[in-house]
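**Student:** just the structure for this:
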Amino acid sequence: MRKITFLILILTCTTVFSNGNSSILTNDVKIIEVLADSLENVNYSNFDFEVPTKIIFPNLTYIDGDILAESSKNLVELDFKVLDSIRGSIYIWESPDFRKINAPGLKSALGTISFYSNPKLEIVNFTGLIKTGRDIHFVHNPKLLEFNTPKLESTGDNFYFHSNINLIEINAPSLKSVAKHLSIHGHEKLQKLNLCSLEFALYTDISGNNPVVEEPPYCPDLFDDEEEEEDKEDESEDEEDESEDEVEEVEDTDDDNLEEEEGSEDDPRVVDEPTRVALYPNPARGVFRIDSEIEFYKIEIYEATGNLVTTFRSSQEEYDISLLPAGLYYVVAHHTDGVHATVKKLMVL
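**Tutor:** The predicted structure is shown next:
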């Protein structure tokens, strides 16, 4: 039995360390470098390292199979400095000491990316990820604060986040398509959910202890801008009313000074017109127009459920909505700078 166990351990190590490695000890963490540029698998399932261990892959660009770290003790970090793609899946499951995975250049994984029940997991760096062939799955990782994939465009199956109790942010602003379930629930501390580009999910379940979630589209930056703008307009109107009352009192005695004050930069009635966007008529029937000095290159209209229903690829004098059923919609006007957008509510009669 001992010989068989030792043979299995040798075979597993051969898969990972086939092209040479070196190791050093720094700050009580053992650092191992694996020098291969391609591997069939990276498998550390059921490994018991003697001391906290970080494994670095400085040359690895492609993995033909999977990255596995299930029930591994004292494995604290995997660092894939130049990894570009993986044919299989990434499973980091029930590893009690695992804290960080770094793969900033990873663009695609044909399988699943799954992190399940890792009590010390803090950092997941997949900032270059564009697509997955199957799930993105994060469940019961209590120290994870942020999931940030700014380039992610699609998942082959599910986008699933459940009970990562300290998660503050889910940032996937480029995510357009989730082939099956989009499910996010059980995050009492969630402050930001950014799914600004989402166009399709077969089933959507975003509910239950996600206090930041109010209504689709899930694009908090745009809603924050809109609310701030409306608050400023309301404050400006209130101050204008107060100012008009004061004007009535001094109108006969100091007309010259009044004109100077109206033109001053501190006058609360001076409105930053280029930042104002208005839809009219609103409610609308058949068509609506946009009154703005901002230029737009694309107008999108979303249902209240978050589904994209209409896109206008260029600025127009009026926008035809005659085919839309009556109800509440969100008009997302994309600025020509390619970065900013403005969201307005539109009631269709």
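**Student:** residue 325 against residue 348, yeah?
**Tutor:** Yes - here residue 325 lies in contact with residue 348, judged by Cβ atoms under 8 Å, at a distance of 7.3 Å. For the C-beta atoms, the positions are set from N, CA and C on the backbone; glycine is no exception.
**Student:** and residue 340, how many neighbours?
**Tutor:** 13 (other Cβ atoms under 10 Å).
**Student:** comparing residue 325 and residue 348, which residue is more hemmed in?
**Tutor:** residue 348 (18 against 9).
**Student:** hmm, residue 63 is touching residue 90, no?
**Tutor:** No - under the criterion of Cβ under 8 Å, residue 63 is not in contact with residue 90, lying 9.2 Å apart.
**Student:** quick one: low-confidence parts of the stretch 51-200 of the chain?
**Tutor:** Of all residues in the stretch 51-200 of the chain, none has pLDDT under 70.
**Student:** in it, which spans are helices?
**Tutor:** Counting by DSSP state H, counting those that start in this stretch, the stretch 51-200 of the chain forms no helices at all.
**Student:** once you drop chain neighbours, what's closest to residue 147?
**Tutor:** residue 170 (5.0 Å; Cβ to Cβ, 6 or more residues apart in numbering).
**Student:** and that neighbour, what does it touch?
**Tutor:** 147, 161, 184, 190, 192-195 (Cβ atoms under 8 Å, 6 or more residues apart in numbering).
**Student:** so residue 320 makes contact with residue 285?
**Tutor:** No - using Cβ under 8 Å, residue 320 and residue 285 do not qualify as a contacting pair, with a distance of 11.5 Å.
**Student:** burial check on residue 28, number of neighbours?
**Tutor:** Applying other Cβ under 10 Å, we find 7 other residues in the vicinity of residue 28.
**Student:** what do you get for residue 133?
**Tutor:** When neighbours are counted by other Cβ under 10 Å, residue 133 registers 19.
**Student:** next one: it from residue 110, what distance?
**Tutor:** According to Cβ to Cβ, to the nearest Å, residue 133 and residue 110 sit 4 Å apart.
**Student:** do the same with residue 90
**Tutor:** 11 Å.
**Student:** if I look at the closest residue to residue 196 other than its chain neighbours, what pLDDT would I see?
**Tutor:** Spatially, and ignoring its direct neighbours in sequence, residue 196 is nearest to residue 219 (3.9 Å; Cβ to Cβ, 6+ apart). Residue 219 is assigned 71 on the pLDDT scale.
**Student:** ok, now residue 270?
**Tutor:** 30.
**Student:** same question, the one 3 residues further on
**Tutor:** Per-residue pLDDT puts residue 273 at 35.
**Student:** with residue 337 instead?
**Tutor:** 77.
**Student:** if we can go back for a sec, tell me how far the residue nearest to residue 196 lies from residue 292.
**Tutor:** 19 Å.
**Student:** what bridges to residue 56?
**Tutor:** On the basis of DSSP bridges, residue 56 is bridged to residue 33, residue 79.
**Student:** residue contacts, it?
**Tutor:** Applying Cβ under 8 Å, 6+ apart, the residues near residue 56 are 31-34, 79, 81.
**Student:** now distance to residue 309 too, for those, in a markdown table please.
**Tutor:** What follows is the contacts of residue 56, written out as a markdown table (distance: Cβ to Cβ, whole Å):
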| residue | distance to residue 309 |
| --- | --- |
| 31 | 53 |
| 32 | 53 |
| 33 | 52 |
| 34 | 50 |
| 79 | 44 |
| 81 | 43 |
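**Student:** kindly indicate the member of those residues with the most neighbours.
**Tutor:** residue 34 (21 neighbours).
**Student:** residue 55 is in contact with that one, correct?
**Tutor:** Yes - at 6.4 Å, residue 34 counts as touching residue 55 under the criterion of Cβ under 8 Å.
**Student:** which stretches in the stretch 151-300 of the chain count as strands?
**Tutor:** 154-155, 159-162, 169-171, 177-185, 192-194, 200-206, 277-285, 287-292, 296-303 (DSSP state E, counting those that start in this stretch).
**Student:** so which elements touch the first one?
**Tutor:** Under the contact criterion of 3 or more Cβ pairs under 8 Å, 6 or more residues apart in numbering; DSSP states H and E, strand 154-155 touches strand 131-132, strand 177-185.
**Student:** deepest of those strands, which one?
**Tutor:** Per-stretch averages of neighbours, counted by mean count of other Cβ atoms under 10 Å, single out strand 131-132 among the helices and strands packed on strand 154-155, with a mean of 22.
**Student:** could you find the closest non-adjacent residue to residue 292?
**Tutor:** residue 277 (4.3 Å).
**Student:** so who does residue 318 touch?
**Tutor:** Residue 318 neighbours (Cβ under 8 Å, 6+ apart): 287-289.
**Student:** equivalent analysis for residue 336, please.
**Tutor:** The contact partners of residue 336, by Cβ under 8 Å, 6+ apart, come to 295-297.
**Student:** these two touch, right, residue 134 and residue 111?
**Tutor:** Yes - with contact defined as Cβ under 8 Å, residue 134 and residue 111 form a contacting pair (5.4 Å).
**Student:** ok, back up a step: okay if I get the contacts of residue 170 as TSV plus distance to residue 316?
**Tutor:** Formatted as TSV, the contacts of residue 170 follow (distance: Cβ to Cβ, whole Å):
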residue	distance to residue 316
147	38
161	38
184	35
190	37
192	33
193	31
194	28
195	27
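**Student:** out of these, which are buried?
**Tutor:** Taking 16 or more other Cβ atoms under 10 Å as the criterion, what is buried in the contacts of residue 170 is 147, 161, 184, 190, 193-195.
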